[in-house]
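Chemist: predicted model and sequence below, questions to follow.
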Amino acid sequence: MHIHARRRSISFSGRTVTIKAAVKGLNYKKHTFTVEKISGIKNIPPTAFKPGMLVFEVNGASKTIVEDVPMYADKVDMNTFTYGGMNSKHVKELEAAIRKAMNG
């Protein structure tokens, strides 16, 4: 499962989650973690003025904000996937699949 939104992308392979964030230039920062390292997930739905956020609590992961993002990209840490209203349904499906893998 793969979703691309707001200069970030998230992929879920069934056991691992990968979040990529665009940084200045033609580069991406990448953070990959297994479902065993996830201690919690919080999904904050988008509003008219703010993007939605799928926030992962990942044991041992850095909470440093990605500062060198291009214009119109969100300054959040690599444990957070930001998305717009068009992706809400897909993000809910992704969240359900990750929760199922965590409990299974």
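Modeler: That came in fine, so what should we check first?

Chemist: the spatially most central residue of the chain: which element?
Modeler: Central residue of the chain (CA atoms, centre = their mean): Phe81, 2.4 Å from the mean position. Element membership of Phe81 [criterion: DSSP states H and E] is strand 80-83.

Chemist: what lines up beside that strand in the sheet?
Modeler: If you go by DSSP bridges, strand 80-83 pairs up with strand 52-58 (antiparallel).

Chemist: next, the buried residues of the strand it pairs with.
Modeler: Neighbour counts over strand 52-58 (16 or more other CB atoms under 10 Å) mark Gly52, Met53, Leu54, Val55, Phe56, Val58 as buried. All C-beta atoms are positioned from the backbone trio N, CA, C, and that covers glycine.

Chemist: so which of those comes closest to Val69?
Modeler: Met53 (14.8 Å; CB to CB).

Chemist: how deep is the closest residue to the closest one other than its chain neighbours tucked in, by neighbour count?
Modeler: Leaving aside its chain neighbours, Met53 sits nearest to Ile44 (4.5 Å; criterion: CB to CB, 6 or more residues apart in numbering). Using other CB atoms under 10 Å, Ile44 is surrounded by 13 other residues.

Chemist: which residues are in contact with Ile44?
Modeler: For Ile44, the contact set (CB atoms under 8 Å, 6 or more residues apart in numbering) comprises Gly52, Met53, Leu54, Val55.

Chemist: the very next helix or strand once past the strand holding Phe81 vs strand 52-58, what angle?
Modeler: Per DSSP H and E, the first helix or strand lying C-terminal to strand 80-83 is helix 88-103. Helix 88-103 and strand 52-58 meet at an angle of 20 degrees, taking axes from the mean of the first three to the mean of the last three CA atoms, to 10 degrees as the criterion.
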